[in-house]
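A structural model of the following input is requested.
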Amino acid sequence: MTGDPQRSERGSGSNRAPGACHTASRMAFCMHTPPRTVLLLLALVLRPFPGFAQSTVVDRGTFLVTVDGRPAGSEAFVIRRAGTGAGTQVIATAEISLRGEGGRSELRPALQMVGEDAQLAAYQMKASGAQDEEVFVTAGEERFLVRLRTSMGERESELRAAHGSLVLDNGVAHHHFFLPGRSLSEGDTLPIIVPREGNLTEVRVIGSENAELQIGGQMLPSRRIALAIGGATREVWLDAAGRVLRVTDTAAGYTALRTAPPDP
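This next block holds a predicted model:
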């Protein structure tokens, strides 16, 4: 569907001043401030515009995360919508706390989707603890610009924009809410961005079925969708409203299970 993304990359060493650009080995090395779209996204998260004060909570909840069957942390998230038609704004944020071999990590993702068909506008992820890094994704007319900052410096890449592209960041369960789950059927493909890898790839539906899932002591009807992403298989359970109940990633040994049923 997307083919191989046309991609260019630039990086920077950590000792270069912001705004400075250097050239080495046929590659430009630059430091940039966050793009304006991402700054606007952060402003929406921290201080929403007036219309967003009347926003509707589409979904909120908490996932318990296990890795290889052992407790590994939690993900508390909220998804809000404001506006109508072309002016629709959806903001999804979360606080994720994970424990691993390298210690504790805190993740703070913020995602903005716009328009009636929920197109990706901007994404930001800030990670601290075991590994400090920050990633910004902004949408242009024909490209997604991805900037990754770590203690080693900054890497920038451009990915060819595909209509309907979604962000599915590793270890972020609520992002699967934006899958058009009820309309997906076996064989369908969707373009996705894996931000911290700086990749645009495809997710392919390899199966789906109706299933029951126990959440908070209740058996809930759900739709289980099996996805192929690269060489890994991911399974997502959605309720009738498309809200995420459970996510498993077999390659990572990762499972995120909702602690309580979604609000009616």
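
Quick one: the strands in the stretch 51-200 of the chain, in order.
In the stretch 51-200 of the chain, the segments counted as strands under DSSP state E, counting those that start in this stretch are 56-67, 70-82, 89-100, 103-114, 119-129, 133-139, 143-150, 153-160, 166-167, 189-194, 199-215.

Tell me which of these lies nearest to Ala251.
Taking Cβ to Cβ as the criterion, strand 56-67 is the member of those that comes nearest to Ala251, at 11.6 Å. No exception for glycine: its C-beta is placed from N, CA and C like everyone else's.

and the closest one, how far out from the chain's middle?
With Cα atoms, centre = their mean, to the nearest Å as the basis, the distance from the averaged C-alpha position of strand 56-67 to the chain average is 14 Å.

What is the neighbour count of Pro261?
Pro261 sits with 17 neighbouring residues when counted by other Cβ atoms under 10 Å.

For it, which residues are in contact?
When contacts are counted by Cβ atoms under 8 Å, 6 or more residues apart in numbering, Pro261 is found next to 215-216, 218, 220.

From those residues, pick the one nearest Pro180.
Relative to Pro180, the closest of these is Leu220; by Cβ to Cβ it sits at 20.3 Å.

Format the strands of the stretch 51-200 of the chain as TSV; extra columns: distance to Thr233, mean neighbour count and mean pLDDT.
Listed next are those as TSV, based on distance: least, Cβ to Cβ, whole Å; neighbours: other Cβ atoms under 10 Å; pLDDT from 0 to 100:
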stretch	distance to Thr233	mean neighbour count	mean pLDDT
strand 56-67	16	17	97
strand 70-82	19	17	97
strand 89-100	21	20	94
strand 103-114	23	19	94
strand 119-129	24	20	93
strand 133-139	25	22	93
strand 143-150	25	21	90
strand 153-160	24	19	88
strand 166-167	18	21	94
strand 189-194	15	21	92
strand 199-215	7	16	94
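
Turn those strands into JSON lines, including distance to Thr248.
Conversion of these to JSON lines gives the following (distance: least, Cβ to Cβ, whole Å):
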{"stretch": "strand 56-67", "distance to Thr248": "10"}
{"stretch": "strand 70-82", "distance to Thr248": "13"}
{"stretch": "strand 89-100", "distance to Thr248": "16"}
{"stretch": "strand 103-114", "distance to Thr248": "19"}
{"stretch": "strand 119-129", "distance to Thr248": "21"}
{"stretch": "strand 133-139", "distance to Thr248": "24"}
{"stretch": "strand 143-150", "distance to Thr248": "26"}
{"stretch": "strand 153-160", "distance to Thr248": "27"}
{"stretch": "strand 166-167", "distance to Thr248": "18"}
{"stretch": "strand 189-194", "distance to Thr248": "17"}
{"stretch": "strand 199-215", "distance to Thr248": "11"}
